[in-house]
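K.L.:
Any chance you could fold what I've pasted below:
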Amino acid sequence: MSDLFPIIEVPEDATQETESLGTKFKFWFRQGQLDCLYKQASPVLGL
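P.N.:
Down below sits the predicted model:
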């Protein structure tokens with residue numbers, strides 16, 4: 001799976017803005033020139 005979707009390490013201080021919509025913990029961060037949304041997987045469901 002890592003061949004299709006590269007794994008990007010997100011530093012703990014990368015948060016630019018939190019996202020409150022939905023139930024999962026998520027935040028926006030900048031990767032190069034792109035704005036990206038980090039969404040934490042659910043430990044039980046893996047989603």
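
K.L.:
Only C-alpha atoms from now on, for both contacts and neighbour counts.
P.N.:
Will do.

K.L.:
Please, which helix or strand holds the residue most central in space within the chain?
P.N.:
Taking CA atoms, centre = their mean, the centroid of the chain lies closest to Y38, which sits 1.2 Å from it. Counting by DSSP states H and E, the element that carries Y38 is strand 34-39.

K.L.:
Could I get the CA-only coordinates of that strand as PDB?
P.N.:
Extracted in PDB, the C-alpha atoms of strand 34-39 (Å, rounded to 0.1, in the frame of the first residue of the first chain):
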ATOM      1  CA  LEU A  34       0.000  22.000  -0.500                       C
ATOM      2  CA  ASP A  35      -2.500  22.400   2.300                       C
ATOM      3  CA  CYS A  36      -3.100  18.900   3.600                       C
ATOM      4  CA  LEU A  37      -5.600  17.500   6.100                       C
ATOM      5  CA  TYR A  38      -4.300  15.000   8.700                       C
ATOM      6  CA  LYS A  39      -7.000  12.600   9.900                       C
END
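
K.L.:
Neighbouring strands - and their directions - for that strand?
P.N.:
Strand partners for strand 34-39, identified by DSSP bridges, are recorded as strand 26-31 (antiparallel).
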